[in-house]
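Asks: what's the 3D shape of this:
(chains A and B)
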There are 2 protein chains.
Amino acid sequence: MSAFQTLAWRGQALVLLDQTRLPGELVYLECREVETAARAIEELVVRGAPAIGVAAAYGVVLGALQALDLAPALFRRRLQETRARLARTRPTAVNLFWALEQMGQVIAAGTGLDNRQLCDRLLARAEELRAEDEAICRRLGQHGAVLLEDGFKVLTHCNAGSLATAGYGTALGVIYAAQEQHKRLKVFADETRPLLQGSRLTAWELQQHGVEVTVICDSMAAVVMRQAPIDCVIVGADRIAANGDVANKIGTYGLAVLARAHNIPFYVAAPVSTLDLSLAQGAQIPIEERRPEEVSQGLGRTTAPAGVGVYNPAFDVTPCALVTAIISEQGIARPPFAAALSRWGGRSAPG
Amino acid sequence: MSAFQTLAWRGQALVLLDQTRLPGELVYLECREVETAARAIEELVVRGAPAIGVAAAYGVVLGALQALDLAPALFRRRLQETRARLARTRPTAVNLFWALEQMGQVIAAGTGLDNRQLCDRLLARAEELRAEDEAICRRLGQHGAVLLEDGFKVLTHCNAGSLATAGYGTALGVIYAAQEQHKRLKVFADETRPLLQGSRLTAWELQQHGVEVTVICDSMAAVVMRQAPIDCVIVGADRIAANGDVANKIGTYGLAVLARAHNIPFYVAAPVSTLDLSLAQGAQIPIEERRPEEVSQGLGRTTAPAGVGVYNPAFDVTPCALVTAIISEQGIARPPFAAALSRWGGRSAPG
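Replies: Residues are numbered from 1 along each chain as shown, chains lettered A, B, ... in the order given. Okay, the predicted model is just below:
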């Protein structure tokens, strides 16, 4: 379907499409060491909750390959250190911890295996997670597409597309599925400051997929909702609490408030691996705060005076009361969300 | 008060602080011809509704100086062409048309004067408008400061400060006046995409004036309202209709919706010259749409793929129902606004 691949395993390496270089350059980064993969996650070479999870799973395989010659006990200790290093890359997306937990289960189950055998099992599981992620996105897209009608104008924020997953996408997966059903959509993409995932990534991949897209500044969303007018908002999620509160890219909460004020449905599309049922509500979700320079110098130019304060939270929490529906590979949940989310069976992050 | 001057008349030239170069460089542009001044307004070397008005008034003086040697009838025709050229620079801020109308009245009243005498009268009126603008801002600031309490956290958008006026500012004038009353404020400045007047200009001038300021991306306003929490929002205006609908920098409408949702007062600070009583409501205000490149390539780097649609309205209209109060040099108006605005006596734009 795509002329690009967000992430893939080739030979002994994790190959990542370098998303910091899009849309100008289509460049791949080859990771042969855990540290390269960890930094790629930290620096947003790969980003998007599901993609981060799969990349981290492959990161564990890289750790195993680097440690193959060690004595079995040291090998296993090294694998734990690898998982710990990868877990420190980013705090908000729970899929990261979920994927590392999946790899931990493979390690725990493989007590009788030698290093090479365990390494093979880890690679097999990572490949499975990658393939599952795409399959999950396609199921999610099928469920969500029923919410979109022919001619709909859809607003999205950040990038929850092919580039944010192993393939196909979550919020954009719903759009792709609707398009495959021959519904013609018009998508408005918030540029998504500070790192412009909307204009750089979402606009690019929608264009690649032949979907009509218009880029707007985040501050234009309210006017576009009123004037276009927008028929629905669809976003992804980095973590969803048991009550349905949603952590997602900064700006999502404001969009949800604006959508409510304009009587526009606000949909969240995310795989079940994004659920964190260990958290009763969104206030408990750790919110990553990133470097002020992303705001003040993020685009090749100094855009704020030196010495001025800058606040740069990467995510915000949208209260479940503002969410019209949550779409996963299991179906569509409507408020109150707790029962459906519990049934879908999310996993919790490590304490 | 300031180490900089937004605009001034020196010798035979209009001298403008080049706001496109801030905060990196403090550079002045000397305009000796109408066309230079007109382009400076179009390209946002000078911006902000009151400052645009005063700059246009001086632009008429430049036209007179360039035409001094013409026969009197040709001289007066040239003055009309000059006013028409300046009126075409930007469509939304009504202060532009108001100031050009003031200069038109000087021309109409000076039928018996020779070219030099009329030129002197025009310069005297432009100087008066400049001085009045600062005096008006200071009165406006005094009126508005009663709305701010010691310790308030204030959110503002774009730049309605010293840089947007002949001096002191409107929304920021209220903040400066409160500060002069020894109220300690904490200001959050939306960076204001696409041209970043908030981070480049507002943060810079607040810093120059010793006001504590934190820059945020526009998309962070909702979370800051909820978390800081914000005590009030203050913005300027480019045109206010008879019913109190407010045209201001794109993003203002969304902020007003968010403020209402968080029960935060939303104040508009603008001189009476910003009123346009010829328009019953804001829907009639012409909204300037600017080049897509301001969004897709505005910061020294291509941030959206080539060929993708971009929507770039420079302003939006906030319905009067979302405005808590309008502050002018005449006092504070509260809803319904029509009677107070009519009493304040705005002037209308040319049909």
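
Asks: Pull out the buried residues from the helix or strand encompassing A:E101.
Replies: Secondary structure from DSSP states H and E places A:E101 in helix A:94-109. Of the residues in helix A:94-109, those with enough neighbours to count as buried (16 or more other CB atoms under 10 Å in any protein chain shown) are A:94-104, A:106-107. Placement of C-beta: from N, CA and C, glycine included.

Asks: which other helices and strands contact that helix?
Replies: Secondary-structure packing of helix A:94-109 (3 or more CB pairs under 8 Å, 6 or more residues apart in numbering or on different chains; DSSP states H and E): helix A:49-66, helix A:72-87, helix A:115-145.

Asks: The first one versus helix A:115-145: what angle between them?
Replies: Using axes from the mean of the first three to the mean of the last three CA atoms, to 10 degrees, the inter-axis angle of helix A:49-66 relative to helix A:115-145 is 170 degrees.

Asks: Dump helix A:49-66 to CSV, restricted to CA.
Replies: Taking C-alpha atoms only, helix A:49-66 is exported to CSV below (Å, rounded to 0.1, in the frame of the first residue of the first chain):
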residue,chain,number,x,y,z
ALA,A,49,2.7,5.0,20.4
PRO,A,50,2.3,1.7,18.5
ALA,A,51,5.5,2.2,16.4
ILE,A,52,7.5,3.0,19.6
GLY,A,53,6.3,-0.3,21.1
VAL,A,54,7.4,-2.4,18.0
ALA,A,55,10.7,-0.5,17.8
ALA,A,56,11.4,-1.2,21.4
ALA,A,57,10.6,-4.9,20.9
TYR,A,58,13.2,-5.0,18.1
GLY,A,59,15.5,-3.1,20.4
VAL,A,60,15.5,-6.0,22.8
VAL,A,61,16.5,-8.3,19.9
LEU,A,62,19.5,-5.9,19.2
GLY,A,63,20.5,-6.3,22.8
ALA,A,64,20.3,-10.1,22.5
LEU,A,65,22.5,-10.1,19.4
GLN,A,66,25.1,-7.8,21.0
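
Asks: packing partners for it?
Replies: Helix A:49-66 sits against strand A:7-10, strand A:13-17, strand A:28-31, helix A:34-42, helix A:72-87, helix A:94-109, helix A:115-145, with contacts defined as 3+ CB pairs under 8 Å, 6+ apart.

Asks: still on that earlier bit, pLDDT and distance to B:V54 for the buried residues of helix A:94-109 - can I get that in TSV?
Replies: Below are those laid out as TSV (pLDDT from 0 to 100; distance: CB to CB, whole Å):
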residue	pLDDT	distance to B:V54
A:V94	94	55
A:N95	95	55
A:L96	97	55
A:F97	97	58
A:W98	96	60
A:A99	97	60
A:L100	98	61
A:E101	97	64
A:Q102	97	65
A:M103	98	66
A:G104	98	67
A:V106	98	71
A:I107	98	71
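
Asks: which one of those residues is nearest chain B?
Replies: Ranked by distance to chain B (CB to the nearest CB), those are led by A:V94 at 19.7 Å.

Asks: roughly how far apart are the closest one and A:C217?
Replies: When distance is defined by CB to CB, to the nearest Å, A:V94 is 30 Å away from A:C217.

Asks: where does the stretch 101-250 of chain A come near chain B, residue by residue?
Replies: Remark: the part of the stretch 101-250 of chain A in contact with chain B comprises A:188, A:190-194, A:196, A:199-200, A:203-204, A:207, A:212-224, A:226, A:250, using CB under 8 Å from any CB of the partner chain.

Asks: so of those, which ones are in helices?
Replies: Taking DSSP state H, the ones among those that sit in helices are A:A203, A:W204, A:Q207, A:A221, A:A222, A:V223, A:V224, A:R226.

Asks: What is the nearest of those residues to chain B?
Replies: A:A222 (3.1 Å).

Asks: quick one on the thing from earlier: determine which two of the ones in helices among the residues of the stretch 101-250 of chain A next to chain B are furthest apart.
Replies: Of all pairs drawn from those, the widest gap by CB to CB lies between A:W204 and A:R226 and measures 27.1 Å.

Asks: Of these two, which one has the most company?
Replies: More neighbours sit around A:W204 than around the other of A:W204 and A:R226, counting by other CB atoms under 10 Å in any protein chain shown; the figures are 26 against 19.

Asks: ok, now which ones touch that one?
Replies: Shown here is A:W204, whose contacts under the criterion CB atoms under 8 Å, 6 or more residues apart in numbering or on different chains are A:L22, A:P23, B:A304, B:P305, B:V308.

Asks: Find me the pLDDT at it, would you?
Replies: Per-residue confidence (pLDDT) for A:W204: 96.

Asks: Could you check the pLDDT of A:R77?
Replies: In this prediction, A:R77 carries a pLDDT score of 97.

Asks: For burial, what's the neighbour tally of it?
Replies: By other CB under 10 Å, 13 other residues sit near A:R77.

Asks: Distance of it relative to chain B?
Replies: 41 Å (CB to the nearest CB, to the nearest Å).

Asks: Extract the C-alpha trace of stretch A:106-125 and format it as CSV.
Replies: Included here for stretch A:106-125 are C-alpha records, laid out as CSV according to Å, rounded to 0.1, in the frame of the first residue of the first chain:
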residue,chain,number,x,y,z
VAL,A,106,9.4,-14.5,26.1
ILE,A,107,12.5,-14.3,28.3
ALA,A,108,10.7,-15.7,31.3
ALA,A,109,9.3,-18.6,29.3
GLY,A,110,12.6,-19.5,27.7
THR,A,111,14.5,-20.7,30.8
GLY,A,112,15.8,-23.8,29.1
LEU,A,113,17.0,-22.2,25.9
ASP,A,114,20.6,-21.2,25.0
ASN,A,115,21.4,-17.7,24.0
ARG,A,116,20.9,-18.2,20.2
GLN,A,117,17.6,-20.0,20.7
LEU,A,118,16.3,-17.3,23.0
CYS,A,119,17.5,-14.6,20.6
ASP,A,120,15.6,-16.4,17.8
ARG,A,121,12.4,-16.5,20.0
LEU,A,122,12.8,-12.8,20.8
LEU,A,123,13.1,-11.9,17.1
ALA,A,124,10.1,-14.1,16.3
ARG,A,125,8.0,-12.3,18.9
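
Asks: Just the element for A:A177, please.
Replies: Under the criterion DSSP H and E, the helix or strand holding A:A177 is helix A:171-180.

Asks: then that helix to CSV, C-alphas only?
Replies: As requested, the backbone C-alpha atoms of helix A:171-180 are provided in CSV (Å, rounded to 0.1, in the frame of the first residue of the first chain):
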residue,chain,number,x,y,z
ALA,A,171,-6.7,7.6,13.4
LEU,A,172,-5.5,7.7,9.8
GLY,A,173,-6.3,3.9,9.5
VAL,A,174,-9.9,4.8,9.9
ILE,A,175,-9.6,7.3,7.1
TYR,A,176,-7.8,4.8,4.9
ALA,A,177,-10.4,2.2,5.5
ALA,A,178,-13.2,4.7,4.7
GLN,A,179,-11.4,5.6,1.5
GLU,A,180,-11.1,2.0,0.5
